[in-house]
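**Q** My questions are about this predicted structure, shown below with the sequence.
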Amino acid sequence: MPELPSSSPAAASGELREELREEMRGPVMWLTIAREERRNALNAEVIAGLGNALARANADTAVRAVVLTGAGTRAFCAGADLQSGTSFKFDYAAPYQGMANLFRQARQSTVPLIARVNGACMAGGMGLMAMCDMAVASSTAVFGLPEVKVGVFPAQVLSVLGGLLPRRVLAQMCITGEPIDAAQALALNLVNRVSDDVDESVDWLLARLLDKSPSAIRRGLYTMKKIETMAFEESMAFTESQIGLFALTEDAAEGQRAFREKRKPQWSGR
C-alpha cells in the first residue's frame, strides 16, 4: 500500500489555508482551490492539502460528501502551475508521486466526491474532475488536455479519465490539445449536469444524496470501485457477499421498516 500524502508544514500555515480553503457546510466538506490569480493551478502544497482533507473526510462518518471547486468564475483548475518552472520535476527515486497518490486516495474514498466545475477545467484539473464520483458544470465551462502544447502528455490523468470518455474522443483531446465545451462534455457523459447556475446543480445533487442511507452509500461506493477492474465471475462472487453485508446494517433495517410504515427513514449511518 503506497504512503498517502500527508500534511506538509505549509498545510498548517496561513498560506495553504488561503490557497486551499476548507469549509464544512452542514455534513458537506467544501474544498476550494483559492489561487484565482493562477487560474487555480496546482502546486505541491495544494495537492498535499487535498490529500489530507480527503483522508480526514473518510475518517469522519459525519461527513456525507465532499465538493471540490475553484475560486472565482474563470477556472475550476488550470492544471499544474507552469509559472513555477518545476511543475514536472520530481524526486525520481521516489516510486509514488503526489498527484498519483491523490488519485489513489480518490479511488479508495467511500465519501462521494463532487466536482463543481465553475470555469476552465484543464490538464491536471481534468484529473481532479475525473477522480470525483460526480461532476456538475457551469454552461461556460471548458474542458481540455492541452499538455502537448507545452511538450508533455496527460499521463497520470489518463488513469482516471480513460473510463469516462470514448477512446477516439480521448485520443483527439490528448493529441490535438483542443478543448470541448460544457454542452459537449454533457453529451459525452463527462459531467452529470450543466447549468447557467452551477450552485443550483450542486444543491440539486446534494439534495438527492443527503436524504439517503449513509451506510449504503459508503459501502456502495466501496463495492462499485472494487469491481471496476474485476472479471465477471470475480465481480459476481464479490457482490454476492456484499449484498449480505448491506442487509446486516441498521440502515437497511430502518429503511425497510420505514417503507412498510410509510414514513421517512431516520438513518443512523450504521
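**A** Right, received. Where do you want to start?
**Q** give the contact list for the residue nearest in space to the middle of the chain.
**A** Centroid-nearest residue in the chain: residue 132, 2.2 Å away (criterion: Cα atoms, centre = their mean). Counting by Cβ atoms under 8 Å, 6 or more residues apart in numbering, residue 132 touches 68, 106, 113, 114, 115. C-betas here are computed from N, CA, C, even on glycine.
**Q** wait, the last one sits on residue 126?
**A** No - between residue 115 and residue 126 there is no contact under Cβ atoms under 8 Å: 10.0 Å.
**Q** returning to that earlier point: farthest-apart pair in the contacts of residue 132, please.
**A** The distance between the two most remote of the contacts of residue 132 (Cβ to Cβ) is 11.7 Å, for 106 and 114.
**Q** give me the low-pLDDT residue ranges for the protein?
**A** For the chain, applying pLDDT under 70 flags the ranges 1-17, 84-92, 94-96.
**Q** buried sites along the one helix or strand residue 203 maps to?
**A** Assigned by DSSP states H and E, residue 203 belongs to helix 198-209. Buried residues in helix 198-209, defined by neighbour count with 16 or more other Cβ atoms under 10 Å: 198, 201, 202, 205, 206, 209.
**Q** and if you look at stretch 170-188?
**A** 170, 173, 174, 177, 179, 180, 181, 182, 185, 186.
**Q** how long is that stretch end to end?
**A** Using Cα to Cα, to the nearest Å, one end of stretch 170-188 lies 11 Å from the other.
**Q** Please enumerate residues in contact with that stretch?
**A** By Cβ under 8 Å, 6+ apart, stretch 170-188 touches 117, 122, 137-149, 153-154, 158, 161-162, 165-166, 169, 191, 193-194.
**Q** let's see it at 6 Å
**A** 137, 139, 141-146, 148-149, 154, 191, 194 (Cβ atoms under 6 Å, 6 or more residues apart in numbering).
**Q** Any chance of a ChimeraX selection covering the buried ones in these?
**A** The ChimeraX command for the buried members of the contacts of stretch 170-188 (criterion: 16+ other Cβ under 10 Å) is given here:
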select :137,141,142,143,144,145,146,154,191,194
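**Q** Sort out for me which of the contacts of stretch 170-188 are in strands.
**A** 137, 142, 143, 144, 194 (DSSP state E).
**Q** In these, find the pair that's most separated.
**A** Every pair of the ones in strands among the contacts of stretch 170-188 checked by Cβ to Cβ; the farthest is 144 and 194, at 16.1 Å.
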